[in-house]
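1. Fold the following.
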Amino acid sequence: MNHIGDGQLVAPSVVYYPQGGEPVVGTAAENIRNVEYERVIVGVKRSMGKTWTQIIDERTLTPESVSAEILKAVFAEAKRFLGDSETRVVITVPARFGDAAANATRKAGELAGLEVLSLLSEPHAAALAFTVERVSGQVESGIVDIVNRNILVFDLGGGTLDVALIRIEVADAHDGGQLMTMRTIFKDGEEYLGGLNWDEKLEEVVLKKYRTQIGDEEYTKFAANPSSRPMLRREIERAKRNLSQINEVKVPILFNTVVVTREEFNVATVGLLRRCEIKLDAVLRRAEVELQIKRKDVPIVMAGGGTRMPQVIEMIADVAGSKPLETSNPELLVTNGAAYWGHMLAAGGSIQTGGGAGLTITAEGIREIVHYAVGIRTLEMDDGGQYSIATFTEIIPRESVRGPADEVLEQRLEEFIVNALDSYARNQELPGGDGSGGVYSKVFFKSEDKMMRIPIQIFSREDDSQTLEQAQKMGEVAIMDLPADGRRGEPVLVALAHDADGILRGRSADITTGRQASIVIRRNADRA
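-> Got it, this is the predicted structure:
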C-alpha cells in the first residue's frame, strides 16, 4: 500500500502516473519524480479552475482529476489509520480562490467519491486552530491577546500565499457562557507564490555553482541528460529545510558536492520575499487607514511550512513592528483547523472549549468574504440612441460576506425571486436586493423589442472600473423562450449570491412575464 507521507505527518501533493498502473501519490511520487519527471504532476492547486490539461499515455488529466487522486490517497490513509469508512470531508483552499477554483475543488472531491461538507479558507482554518489551541483549558488568561481584536494570518504554503485580517470576538451567550465569532475583514495574497518558488531559486544557485566547479563542457553534458535536473529536486528541498536551521548546507550532485550558505539563499530569494512583504504591508496599511489600528498592535499568526524560513520570520517582524506569535507546528495549523471545522459540521455545529467560562465556537459564527466584485455585461446607449456600449455593472460588491450553505442559499434565492415577482404583480414595485441573507440583485431593462432570449454574461473584477477591459468572464446563462411581443425597456431581475464555499449561485427573471431562469453558471473552465 502506498503510504503517502512515508511515516511523516505532511505529504507532498505530487502524483505519479505509471504506464499501465494506478496513480501513486505523496512521497513515493516525489521520489519517482527524480527519474520519470514527465509522468509526475506537481503544484496542481495552482491550476484549479483553469482550462489546464495534460495527456499521459491514454489519460487526459485535468486539475480536478489530479486533485481527486490526491484526495483519494489521503482518504485511504485516513481509513487505514482510523479503521472506518467516513467519507465526509472538509477541504481547505487558498483565501483568494475564486468561484471557478472553488467549484473545481468541489468536483475533485466528488470525483474522489467523497461528500464535501465544506470548503474552508486556509487563513480561517489557521485562525480557528490557533484560537482553539490557544484558549483550550485557559479561557480567562489565554485569549486576552487575540479575542475582541483583529488578528492577521500570514500563510505561506508550498504553492500559494494568503494574508488575511480576521476579527475574533467573544460575547456573552444566553446560557451564561461565551460565544466566539470570526469574520474576515479583508485579505490579499498570490496564487503563484510559495515554497516551490524558493526551491526553484535555490536550484538556480546550486546549478550556477556546479557549473563553475565542473566547467562549461561537462555542464553541457549534464544539462543534456533529461534526468539530471529532476534528480536534484529532493536534495534541493532537503537543503532548503536545513538552511532554516543552519547557515551552510552541502548539496550532492552526481559525484560532486555544492556548498550553499543561508546568505546566498537569502540573496537569491530577495525578490520572492519582497512580494510577500508587499502583500503583508498592504493588509497592515489598510488596517491602519480604515480601522485606525497600529500595525504593531495586530497579532500575527504564521501558517504553512514557508514561515519556518528565518528570512520570512524576520521580514514579518520588520514590516509589522512586532514579532509574530509562536505556533507549535505551522505546517499543521491549517489541517488542524479543517479537523475542528469538520467536527463542528458533523457534530451539531459547535465546539466547546475552555474551562468554567465555557467558550463556544459555532460554524455560523465563522464568515468569509469574497475579495472581488461580481456583475454582468450591460449595454449603454450611444449618441445615436442605440444600445452599443458594453460596460460592467456591479451586483455583488467587493469584500461582501458569503452567504449560507448551498441548499439554504438556493432556497433563499428562490424565495427572493418569488417575492419580487409577487410584489411587482401587486403594486408594480421593482425589487431591490442589498445583500441581506447573502442575496444581491439589480433590475435591468431590455435593450430591444421581441427579445425571446436574454443572454446574461457574468464577470468579476478586483477594481472599481465600469469597463470590461480588466474584468474576467466567469460564465453565462440565458432566460429562454420569452414571448415574442416583449418590448424594449421591460424590466429583468438578476439575483446573485456566493454560498459559504465561495461558489456563485443565482436566479434571474423576466419581471413582466414572470419567466424565470436558474443561473447554473457555465464556467470558463467547465468541461463536457
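2. Give me the pLDDT value at Val144.
-> Val144 is assigned 47 on the pLDDT scale.
3. Gly489: how many residues sit nearby?
-> A count of neighbours around Gly489, defined by other C-beta atoms under 10 Å, yields 10. Quick note: C-beta positions are derived from backbone N, CA and C, even for glycine.
4. Surely it forms part of a strand?
-> No: applying DSSP: H, G, I helix; E, B strand; the rest coil, one finds Gly489 to be coil, outside a strand.
5. Next up, phi/psi of it, please.
-> Backbone torsions of Gly489, given as degrees, to the nearest 10, read phi 100, psi -10.
6. What of Val132?
-> Dihedral angles (degrees, to the nearest 10) for Val132: phi -60, psi -50.
7. I'd assumed Trp341 was in contact with it.
-> No: Val132 is beyond contact range of Trp341, at 10.2 Å (criterion: C-beta atoms under 8 Å).
8. Those two: which has the busier surroundings?
-> Under the neighbour definition other C-beta under 10 Å, Val132 and Trp341 were set side by side, and Trp341 has more, 23 against 20.
9. what helix or strand is the more buried one on?
-> helix 330-346 (DSSP states H and E).
10. tell me which strands and helices that helix is in contact with?
-> strand 88-93, strand 115-121, helix 122-135, strand 300-303, strand 350-353, strand 359-367 (3 or more C-beta pairs under 8 Å, 6 or more residues apart in numbering; DSSP states H and E).
11. worst average pLDDT in these?
-> Ranked by mean pLDDT, the helices and strands packed on helix 330-346 end with strand 350-353 in last place, scoring a mean of 74.
12. hang on, the earlier thing: rebuild the helices and strands packed on helix 330-346 as a markdown table, extending it with distance to Asp485.
-> Formatted as a markdown table, the helices and strands packed on helix 330-346 follow (distance: least, C-beta to C-beta, whole Å):
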| stretch | distance to Asp485 |
| --- | --- |
| strand 88-93 | 47 |
| strand 115-121 | 45 |
| helix 122-135 | 51 |
| strand 300-303 | 59 |
| strand 350-353 | 55 |
| strand 359-367 | 45 |
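13. These: which one's closest to Ile214?
-> strand 300-303 (39.3 Å; C-beta to C-beta).
14. Give the next helix or strand downstream of the closest one.
-> Using DSSP H and E, the helix or strand that follows strand 300-303 in sequence is helix 310-320.
15. Show me how far that following helix is from its chain's centre.
-> 23 Å (C-alpha atoms, centre = their mean, to the nearest Å).
16. residues making contact with that helix?
-> Residues from elsewhere that reach helix 310-320 (C-beta atoms under 8 Å, 6 or more residues apart in numbering): 152, 154, 156, 244, 262, 266, 269, 273, 276-277, 280-281, 284, 295-296, 298, 300, 302, 306-307, 323-324.
17. again, 7 Å this time
-> For helix 310-320, the external contacting residues (C-beta atoms under 7 Å, 6 or more residues apart in numbering) are 154, 156, 244, 266, 269, 273, 276-277, 280-281, 284, 295-296, 298, 300, 306-307, 323-324.
18. Residue ranges in this protein under the pLDDT threshold?
-> 1-3, 5-8, 135-147, 173, 175-177, 230, 348-349, 353-358, 387, 520-528 (pLDDT under 70).
19. Helices of the stretch 201-350 of the chain, start to end?
-> Secondary structure of the stretch 201-350 of the chain by DSSP state H, counting those that start in this stretch: the helices cover 216-224, 233-242, 262-268, 270-291, 310-320, 330-346.
20. Distance from the chain centre to the fourth one, please.
-> Between the centre of helix 270-291 and the centre of its chain there are 19 Å (C-alpha atoms, centre = their mean).
21. residue nearest the centroid of this structure?
-> Pro94 (2.3 Å; C-alpha atoms, centre = their mean).
22. In ChimeraX, how would I select the buried members of the contacts of helix 310-320?
-> The buried subset of the contacts of helix 310-320, as determined by 16 or more other C-beta atoms under 10 Å, is captured in ChimeraX by this line:
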select :154,156,244,269,273,276,277,280,281,284,295,298,300,306,307,324
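23. got the contact list for Ile369?
-> So Ile369 contacts 184, 399-402 (C-beta under 7 Å, 6+ apart).
24. Phi and psi next, for it.
-> Per-residue torsions, Ile369: phi -110, psi 170 (degrees, to the nearest 10).
25. Quickly list what it is bridged to.
-> For Ile369, the beta-bridge partners are Val401 (DSSP bridges).
26. how much space between the spatially closest residue to the residue nearest to the centre of the chain that is not a sequence neighbour and Gly189?
-> Closest residue to Pro94 apart from its sequence neighbours, by C-beta to C-beta, 6 or more residues apart in numbering: Thr160 at 4.4 Å. Distance, Thr160 to Gly189, by C-beta to C-beta, to the nearest Å: 7 Å.
27. intersection of neighbour lists for those two?
-> Pro94.
28. re the thing from before, please identify the buried residues of the helix holding Trp341?
-> Neighbour-count burial for helix 330-346 flags 330-345 (criterion: 16+ other C-beta under 10 Å).
29. hang on, the earlier thing: the residue nearest to Pro94: what's it in contact with?
-> Each residue near Thr160 by C-beta under 7 Å, 6+ apart is listed here: 45, 94, 189-191, 193-194.
30. nearest spatial neighbour of Thr269, skipping sequence neighbours?
-> Nearest non-adjacent residue to Thr269, counting by C-beta to C-beta, 6+ apart: Lys201, 4.8 Å away.
31. again with Ala338
-> Val90 (4.6 Å).
32. Can you verify my assumption that that neighbour contacts Trp341?
-> Yes: counting by C-beta atoms under 7 Å, Val90 touches Trp341, with 5.1 Å between them.
33. So for these two, which residues contact both of them?
-> By C-beta under 7 Å, 6+ apart, Val90 and Trp341 have these common neighbours: 118, 120.
34. Show me what stretch 247-256 is in contact with.
-> Residues outside stretch 247-256 that contact it (C-beta under 7 Å, 6+ apart): 206, 210, 213-214, 232, 235, 239, 242-243, 257-262.
35. List buried members of these by neighbour count.
-> For the contacts of stretch 247-256, buried by 16+ other C-beta under 10 Å: 206, 210, 214, 232, 235, 239, 242-243, 258, 260, 262.
36. quick one on the thing from earlier: most neighbours out of the contacts of Ile369, which is it?
-> Of all the contacts of Ile369, Thr184 has the most neighbours under the rule other C-beta under 10 Å, reaching 24 neighbours.
37. Please list all residues in contact with the closest residue in space to Leu117 that isn't next to it in sequence.
-> Nearest residue to Leu117, sequence neighbours excluded (C-beta to C-beta, 6+ apart): Leu345, at 4.8 Å. Residues in contact with Leu345, defined by C-beta under 7 Å, 6+ apart, are 117-118, 363.
38. Pipe those residues into CSV and attach neighbour count and distance to Leu61 per row.
-> What follows is those, written out as CSV (neighbours: other C-beta atoms under 10 Å; distance: C-beta to C-beta, whole Å):
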residue, neighbour count, distance to Leu61
Leu117, 19, 26
Ser118, 21, 26
Ala363, 18, 34
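39. Go through the residues you listed and name the one nearest Gln386.
-> Using C-beta to C-beta, the contacts of Leu345 come closest to Gln386 at Ser118, 47.3 Å.
40. Surely the closest one touches Val90?
-> Yes: the pair Ser118 / Val90 is scored as a contact, 5.1 Å apart, by C-beta under 7 Å.
41. which neighbours do these two share?
-> With C-beta under 7 Å, 6+ apart, Ser118 and Val90 have common neighbours Trp341.
42. circling back: relative to Glu364, how far out is the residue nearest to Leu117?
-> In terms of C-beta to C-beta, Leu345 sits 11 Å off from Glu364.
43. cool, and Val93?
-> Counting by C-beta to C-beta - Val93 and Glu364 are separated by 20 Å.
44. Who has more neighbours out of those two?
-> Set Val93 next to Glu364 and count neighbours by other C-beta under 10 Å: Val93 wins out with 22 against 12.
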